[in-house]
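Asker: only the shape, not the letters, is given here:
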């Protein structure tokens, strides 16, 4: 047997060994279908005061000079907010959140399990994310970068392991820069019939010294019906200096 | 939390009204998250103001609803205010309908004022003509 053939056999044997350890393709032990909201609330336990979201976990471990640049950018944003003149961001412009922010579920999300597919519907901006089960990852030649990238998923026991690549470089999670090679791995499992845990790992050696890991938790809301959400109109004004203000002229139509 | 609110509002009458309203509603924890279309730093969240007036227009729209209010200043001159609320989605979750407020209604508005002094702010709640108090978040 040639060397290439031996390598193929070894790779297949390794794959079988992994599959024997954790049965792949098994049906999930809980029904993940339904509407979910982030839990616990990452903003504040004080519902009377509204603050800005912060990156989950301990934040990214960026390489230099990206670490210093990102820190300075966040400091500018914080200072502007402190001065009462918040800087514009993608959310203000009603731009799709993309990956992985859509899984941050600022508004509730709905998960649909259908044959060969897991679909995540985000209420905020009426976003749609598709995860193709047991599919092959596409190459960059076959798939142009997009807001949600291309996601393939596989059940490993009761955990849905999802790999996402090809997220647009200008779709940035908390303004964290990334390369075309960024890979997002999610391990989604139901910890109880009404709670889901999504362990997220962002790997991008060009920018990150080590993978950025954090967990999103969700709680089922069995009574809520997701509504549509499109940006019709806003009185927010984006000033030349990039700050946002509110137009107060009487212009109701 | 209560102490923090008390310190911020300095026991003003509007604050007492606000606080009684606040206590009359269950706190929906995720609703504050669902407000996050943009930073609310342009509003002074340490101040809570109450104003009564006539609704000039009510815009049931995303990403925010807007309430235009007319009230008379100390010289009896009409003055127009604009209040920004949460999204249609969030207000719906708090019991609002597109018809909850109509042009011509006399309402009492509780809001966080704009930091730049313009007449308007972030809408916290509205007492509608039938006496109900509708929260925005």
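Answerer: It's in. Since the model is a prediction, treat every value here as computed from it, not as a measurement.
Asker: low-confidence ranges in chain A?
Answerer: Low-confidence segments of chain A (pLDDT under 70): A:1-29, A:43-51, A:249-253.
Asker: repeat for chain B
Answerer: Low-confidence segments of chain B (pLDDT under 70): B:1-38.
Asker: tell me the secondary structure of the closest residue to residue A:123 other than its chain neighbours, please.
Answerer: Ranked by CB to CB, 6 or more residues apart in numbering or on different chains and with sequence neighbours excluded, the top spatial neighbour of residue A:123 is residue A:107, at 3.9 Å. For glycine as for every other residue, the C-beta is placed from the backbone atoms N, C-alpha and C. The three-state assignment at residue A:107 reads coil, by DSSP: H, G, I helix; E, B strand; the rest coil.
Asker: is residue A:107 in contact with residue A:121, as I believe?
Answerer: No: taking CB atoms under 8 Å as the contact criterion, residue A:107 and residue A:121 are not neighbours in contact, 10.4 Å apart.
Asker: which of those two has more residues huddled nearby?
Answerer: Counting neighbours by other CB atoms under 10 Å in any protein chain shown for residue A:107 and for residue A:121 shows that residue A:107 has the greater number, 26 against 16.
Asker: what are the phi and psi values at the more buried one?
Answerer: With angles defined as degrees, to the nearest 10, residue A:107 sits at phi -110, psi 170.
Asker: how much space separates it from residue A:127?
Answerer: Counting by CB to CB, to the nearest Å, the gap from residue A:107 to residue A:127 is 9 Å.
Asker: so who does residue A:177 touch?
Answerer: For residue A:177, the contacting residues are A:62, A:66, A:69, A:70, A:169, A:207, by CB atoms under 8 Å, 6 or more residues apart in numbering or on different chains.
Asker: what's the local residue count around the closest residue to residue B:105 other than its chain neighbours?
Answerer: Counting by CB to CB, 6+ apart, residue B:105 lies nearest to residue B:55, which is 4.6 Å off, once chain neighbours are set aside. Residue B:55: 20 surrounding residues under other CB under 10 Å.
Asker: residue A:178 now?
Answerer: By the measure other CB under 10 Å, the count of residues near residue A:178 is 25.
Asker: center of the chain - which residue?
Answerer: All of this is about chain A. The centroid of chain A falls nearest to residue A:100 when counting by CA atoms, centre = their mean (1.5 Å).
Asker: if you could check chain B rather than the one you did, that'd help
Answerer: Among the residues of chain B, residue B:123 comes closest to the average C-alpha position under CA atoms, centre = their mean, at 2.4 Å.
Asker: and the helix or strand where it lies, which strands flank it?
Answerer: Counting by DSSP states H and E, the element that carries residue B:123 is strand B:120-127. Strand B:120-127 has the following sheet partners, assigned by DSSP bridges: strand B:78-84 (parallel), strand B:106-113 (antiparallel), strand B:133-135 (antiparallel).
Asker: got the buried residues for the strand or helix carrying residue A:196?
Answerer: For residue A:196, the enclosing helix or strand under DSSP H and E is strand A:195-203. The neighbour-count criterion (16 or more other CB atoms under 10 Å in any protein chain shown) identifies A:196, A:198, A:200, A:202 as the buried residues of strand A:195-203.
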